[in-house]
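K.L.:
Model the structure of this input:
(one chain, ligands or ions: 2)
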Amino acid sequence: MTDSAAAIEMHDVAFTYDGDAFVLQGIDLRIARGEFVAVLGGNGSGKSTLAKHMNALLAPDAGRVVVLGRDASDPEAVYAIRSRAGMVFQNPDDQLVASLVENDVAFGPENLGIPAEELRERVDESLEAVGLTGFQKRETSALSGGQKQRVAVAGVLAMHPDIVVLDEATSMLDPQGRESLLDLCKQLHKAGITIVMITHFMEEAALADRVVVLNGGHIACEGSPDEVLSQAGLLEHLNLDVPFACALSLALARRGVDVGVHVRPQELKEALCHLHSKA
Ligand SMILES: Nc1ncnc2c1ncn2[C@@H]1O[C@H](COP(=O)(O)OP(=O)(O)OP(=O)(O)O)[C@@H](O)[C@H]1O
Ligand SMILES: [Mg+2]
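P.N.:
Ligands and ions are numbered 1, 2, ... in the order given. This next block holds a predicted model:
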């Protein structure tokens, strides 16, 4: 039976690169259409491998992956899945294919057979969305890492995808670039696009509807950002940072200033102001 409200379903998924060591095991995950999910985990925990199952770049050795109602192990579904589920990689050099920015952004939709005029509109819109208006005729090889990353994002947007998977896509960006990519993700989420964001940044994970934490190829825990990111002991055990606001809330509580545990700086600030106004 297909779950029409699900963007991505994983049922008891296991995967091995070498036929021996399992990199993913027992993964059960359902991501609803329009949901914004953050995936956290230490180095080598299987995040990128999981991401590649979300757009049929990899197929599971056991279990089932269903993307937008299509079985990812069905060779006939692979093309449809890849065109509906866009992926932004950590390193844009793994993603850019053309020497001119406009050709790179147009590459995906052109392969879908989008007519020239609409193609131009999509390229212009997508470059505008990532803050690269006017970059159409620039050489991709002459761009900075952050600019290349934005071109890669524009290429995904130009496909008009239902799902966008970002695999540590902000790691090359400066704080401003990171913030604008996060704003873009929020806008896409508002527009109904399913977002899966793999990240090492707790502040980014705090923006999601749900956080999934991987450890050794298993899902170690999942829940709302408040549920997951406030568990300082568990996060440390899993080799993850404790969000700054959470660490500060806990340090304040140890000194007798009980403001509750907050994972977002803004909420901690409000709690402190509230406490101060009562003093
Ligand atoms: N192409 C590959 N061939 C063989 N083993 C691989 C390959 N890619 C990843 N692995 C192994 O699979 C495991 C999970 O890797 P993966 O890249 O999914 O982790 P990750 O959580 O994304 O790590 P990172 O935080 O460093 O990006 C690691 O042990 C890694 O060595
Ligand atoms: Mg990775």
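K.L.:
All the strands of the stretch 101-250 of the chain, in order from the start?
P.N.:
163-167, 194-198, 210-215, 218-223 (DSSP state E, counting those that start in this stretch).
K.L.:
Relative to ligand 2, which of those strands is closest?
P.N.:
Among the strands of the stretch 101-250 of the chain, strand 163-167 comes nearest to ligand 2, with 5.9 Å by CB to the ion. Heads up, the C-betas are built off the backbone N, CA and C, glycines and all.
K.L.:
Who are the packing partners of that closest one?
P.N.:
Applying 3 or more CB pairs under 8 Å, 6 or more residues apart in numbering; DSSP states H and E, one finds that strand 163-167 contacts helix 47-54, strand 85-88, helix 175-190, strand 194-198.
K.L.:
before we move on, the earlier item: now the strands of the stretch 101-250 of the chain as a markdown table including mean neighbour count, mean pLDDT and distance to S126?
P.N.:
What follows is the strands of the stretch 101-250 of the chain, written out as a markdown table (neighbours: other CB atoms under 10 Å; pLDDT from 0 to 100; distance: least, CB to CB, whole Å):
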| stretch | mean neighbour count | mean pLDDT | distance to S126 |
| --- | --- | --- | --- |
| strand 163-167 | 25 | 97 | 12 |
| strand 194-198 | 26 | 98 | 16 |
| strand 210-215 | 22 | 96 | 27 |
| strand 218-223 | 16 | 96 | 32 |
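K.L.:
can you tell me if stretch 35-52 touches ligand 1.
P.N.:
Yes. Stretch 35-52 is in contact with ligand 1 by CB under 6 Å from any ligand atom, via G41, N43, G44, S45, G46, K47, S48, T49.
K.L.:
Give me the pLDDT for the fifth one.
P.N.:
It refers to G46. Reading off the confidence values, G46 has pLDDT 97.
K.L.:
Contact partners for it?
P.N.:
Listed by CB atoms under 8 Å, 6 or more residues apart in numbering, the contact set of G46 reads V23, L24, L214, G216, G217.
K.L.:
So which residues on this protein come close to ligand 2?
P.N.:
Residues of the chain lying near ligand 2 by CB under 5 Å from the ion: K47, S48.
K.L.:
So which residue is dead centre in the chain?
P.N.:
M197 (1.5 Å; CA atoms, centre = their mean).
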